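[1] only the shape, not the letters, is given here:
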């Protein structure tokens, strides 16, 4: 036991006062003899005995009373077990991602967590609150009550490490108590590493009662006919309840198609046929799980012809004119001698078709063309040198041409996971009529190939850039060196390389991704594009590139939906945004990574634990109570004891 004011204990010497008073009053009785006082004599002896007991009891009560008063003023206490962390600052991390929409025993997990904070956080406690989307430094529960009650779900999945980094960057001379309220969906050990070893984390893991959930993952154009689009909708089901789910497609809020999806497996793809016209709508389902992933917005813009120029000898480009037909493409062929350099910037795709030499001026122009979003296809000539090709292709990525070898090779393997061939083939073909090359370059490249030779060497690869892609063949494909032009692979390969400037033909972005978007518009330097719908408007990061504008959206917009890109009041392009689907799997709760951390049931228990372990046990009140008891005892002895 310790005392805050031990010097007051010197007043215990005052206990000698009641002792002296008691001894002063403890006088001897003088005997007086009377006749016929036999009865009175016995009574006198009995009275003297009871008087002695009464005075000893009064002395004891007074001594104990004074002792309790003195000790109470000295303020005795027992030291706290965790006294070293008594000065810790408090930080509360609240997960407001969409997985917290799940319902527990007392309602939605996020709303219940907010209610517990409002009810159980002491009003005099200062803390900092961090969510996925908002930060409140050095506040109290009264100040943020309204903000907590109006807290919205965040489009960003819960990632603990960037929030811990913000706390770490908030410089302080004190240690930190960190209360983390999350359902632990997607939580990994890596996210827990970015914290100071002196900080003390406490986890509160609210649990969902309903783990079944169905989400719409993506939409893409599967096939294009003269009058219709065949679109595929990819869905995922999590849990064990495989009931049929209704699904519907809307264009401008008008119902286009509707059906029901039966899940035999956890992944399901369903096709819809819609008119071949501009589309600005969404596909939606109804289930008993999370609601944020039940709608996926997408836009199909008006079809524009893709402009392509092939640079090379005309006789080597005849096969391209049969692929790039007039109804979908503006295709021309030009030789080096007749090439108009000013026309390059107006193209979407440029094909270098077996040039024996690439002039330096053309190299410079093509580098600028690719940087601004144009796609480039390089078909090498057997007369060009590896050194020249490496000098040119070094502008676009890590690739090395080594030497040309006159060895026959079969093209036997298709990389179906490569972006070039994704969703091209209905079935994974492993046995087809293999095309061949009589001679080819050996290529060293870190990127995966789209097509492989039979010796696992690269036949076709891609160098992806921020806005475009450079496709590189390892061999000439003229009829003298290869029969690739007669292969069934020729059409999907060159068609996809031309159309890959606008992936899948659908304008649908995930909120939080940094993928850029190009808008065909010539703006002045002071003009600014905005992205708007009926409820939200923002100005994205933008960069003018000749007659195009590169837009980067980052964490905007805040809400998923269909939007329009405007130049003042002029609508330039429709675009759609969706929430990230990483929070859809409610069964992905990784509580096992918290085995080394303190997991507490509720907010109230956290504060009770901190108060019990951190605060000294003040016991002076007990001595005041004892003093009062001894005072009452003394008064009772005086009044009732004879």
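    On my side now, so go ahead. Only a predicted model underlies this, so the values are computations on that prediction, with no experimental measurement involved.

[2] strands along the stretch 501-642 of the chain, start to end?
    Along the stretch 501-642 of the chain, counting by DSSP state E, counting those that start in this stretch, strands occupy 508-510, 517-520, 529-532, 537-538, 541-545, 548-552, 561-567, 570-578, 598-599, 617-618.

[3] surely residue 299 meets residue 533?
    No. Taking contacts as C-beta atoms under 8 Å, residue 299 lies outside contact range of residue 533: 11.8 Å. Just so you know, the C-beta spots here come from the backbone N, C-alpha and C atoms, and that holds for glycine as well.

[4] shared neighbours, these two?
    Any residue near both residue 299 and residue 533 by C-beta atoms under 8 Å, 6 or more residues apart in numbering counts here, and that gives residue 562.

[5] what about these two, which has more around it?
    The residue with more neighbours, out of residue 299 and residue 533, is residue 299; 22 against 17, by other C-beta atoms under 10 Å.

[6] is it correct that that one falls within a strand?
    Yes. Judged by DSSP: H, G, I helix; E, B strand; the rest coil, residue 299 forms part of a strand.

[7] how far off centre is stretch 463-475?
    Between the centre of stretch 463-475 and the centre of its chain there are 31 Å (C-alpha atoms, centre = their mean, to the nearest Å).

[8] okay, how far is it across that stretch, tip to tip?
    17 Å (C-alpha to C-alpha, to the nearest Å).

[9] CSV for the strands of the stretch 501-642 of the chain, including mean neighbour count, mean pLDDT and distance to residue 74?
    Shown next, in CSV, are the strands of the stretch 501-642 of the chain (neighbours: other C-beta atoms under 10 Å; pLDDT from 0 to 100; distance: least, C-beta to C-beta, whole Å):
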stretch, mean neighbour count, mean pLDDT, distance to residue 74
strand 508-510, 20, 90, 66
strand 517-520, 16, 84, 74
strand 529-532, 18, 94, 70
strand 537-538, 14, 94, 65
strand 541-545, 14, 86, 67
strand 548-552, 19, 88, 68
strand 561-567, 19, 94, 68
strand 570-578, 19, 93, 67
strand 598-599, 13, 84, 36
strand 617-618, 12, 61, 12
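
[10] closest to residue 9 out of those strands?
    The closest of these to residue 9 is strand 617-618. By C-beta to C-beta, the value is 16.8 Å.

[11] one step back: will you turn the strands of the stretch 501-642 of the chain into a markdown table that also has distance to residue 282?
    What follows is the strands of the stretch 501-642 of the chain, written out as a markdown table (distance: least, C-beta to C-beta, whole Å):
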| stretch | distance to residue 282 |
| --- | --- |
| strand 508-510 | 10 |
| strand 517-520 | 19 |
| strand 529-532 | 17 |
| strand 537-538 | 20 |
| strand 541-545 | 26 |
| strand 548-552 | 21 |
| strand 561-567 | 7 |
| strand 570-578 | 8 |
| strand 598-599 | 40 |
| strand 617-618 | 61 |
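
[12] quick one, helices of the protein?
    For the chain, helices defined by DSSP state H occupy the ranges 16-25, 38-73, 109-120, 145-149, 160-169, 189-192, 318-323, 360-371, 386-393, 490-499, 603-614, 620-640.

[13] what residues of the last one count as buried?
    Meaning helix 620-640. 620, 623, 626, 627, 630, 631, 633, 634, 637 (16 or more other C-beta atoms under 10 Å).

[14] mind giving me the packing neighbours of that helix?
    Judged by 3 or more C-beta pairs under 8 Å, 6 or more residues apart in numbering; DSSP states H and E, helix 620-640 is in contact with helix 38-73, strand 76-78.

[15] mean pLDDT lowest where, among the ones you listed?
    Per-stretch averages of pLDDT across the helices and strands packed on helix 620-640 put strand 76-78 at the bottom, with a mean of 63.

[16] pop the domain breakdown of the chain in here.
    What the record gives for the chain is the domain set 2-79+622-640, 83-210+591-615, 238-299, 306-501, 505-578, from automatic domain parsing.

[17] so what's residue 307 bridging to?
    residue 330 (DSSP bridges).

[18] give me the most central residue, this structure.
    The residue lying closest to the centre of the chain (C-alpha atoms, centre = their mean) is residue 157, at 2.6 Å.

[19] please report the distance of residue 565 from residue 169.
    Separation of residue 565 from residue 169 (C-beta to C-beta, to the nearest Å): 35 Å.

[20] just residue 88 next, same as before
    For residue 88 relative to residue 169 (C-beta to C-beta), the value is 18 Å.

[21] residue ranges with poor pLDDT in the stretch 101-250 of the chain?
    Residue ranges of the stretch 101-250 of the chain with pLDDT under 70: 194-198.

[22] and the strands in it?
    Per DSSP E, counting those that start in this stretch, the stretch 101-250 of the chain carries strands over the ranges 103-104, 107-108, 127-130, 135-139, 176-181, 200-204, 213-224, 228-238, 245-251.

[23] and those strands: which comes nearest residue 387?
    Here strand 213-224 is closest among the strands of the stretch 101-250 of the chain (C-beta to C-beta), at 41.0 Å.

[24] same for the closest one, what does it pack against?
    Packing contacts for strand 213-224, counted by 3+ C-beta pairs under 8 Å, 6+ apart, involve strand 228-238, strand 279-285, strand 295-300.

[25] redo those as TSV? Include distance to residue 492.
    Formatted as TSV, those follow (distance: least, C-beta to C-beta, whole Å):
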stretch	distance to residue 492
strand 228-238	16
strand 279-285	24
strand 295-300	21
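
[26] tell me the most buried of those strands?
    The highest average neighbour count among those, using mean count of other C-beta atoms under 10 Å, belongs to strand 295-300 at a mean of 23.

[27] parallel or antiparallel, list what pairs with that strand.
    Using DSSP bridges, strand 295-300 pairs in its sheet with strand 279-285 (antiparallel).

[28] what's the partner strand in contact with?
    Contact partners of strand 279-285, identified using C-beta under 8 Å, 6+ apart, comprise 214, 216, 219, 229, 233, 235, 245-254, 256, 261, 272, 294-300, 562, 574, 576.

[29] ok and that strand relative to strand 213-224, angle-wise?
    Strand 279-285 and strand 213-224 are oriented at 140 degrees to each other (axes from the mean of the first three to the mean of the last three C-alpha atoms, to 10 degrees).

[30] how far does strand 279-285 sit from its chain's centre?
    Distance, stretch centre to chain centre, for strand 279-285: 25 Å (C-alpha atoms, centre = their mean).

[31] tell me the angle that strand makes with strand 570-578.
    Using the same axes, to 10 degrees: strand 279-285 against strand 570-578 is 20 degrees.

[32] hmm, back to that, want to throw the domains of the chain into TSV with distance to residue 224?
    What follows is the domains of the chain, written out as TSV (distance: least, C-beta to C-beta, whole Å):
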stretch	distance to residue 224
domain 2-79+622-640	77
domain 83-210+591-615	31
domain 238-299	7
domain 306-501	9
domain 505-578	8
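
[33] and of these, who's closest to residue 584?
    domain 238-299 (4.9 Å).

[34] what's the end-to-end length of the closest one?
    OK, domain 238-299 end separation, C-alpha to C-alpha: 27 Å.

[35] what about that domain, distance to the chain center?
    Chain-centre distance of domain 238-299: 24 Å, with C-alpha atoms, centre = their mean.

[36] higher neighbour count, residue 88 and residue 169?
    residue 88 (19 against 7).

[37] list the contacts of that one.
    Taking C-beta under 8 Å, 6+ apart, one finds 174, 175, 176, 177, 200, 614 in contact with residue 88.

[38] ok, so of these, who is nearest residue 322?
    Looking at the contacts of residue 88 and their distance to residue 322, the nearest is residue 176, at 68.1 Å (C-beta to C-beta).

[39] wait, isn't the closest one in contact with residue 93?
    No. Taking contacts as C-beta under 8 Å, residue 176 lies outside contact range of residue 93: 11.1 Å.

[40] perfect, that will be all.
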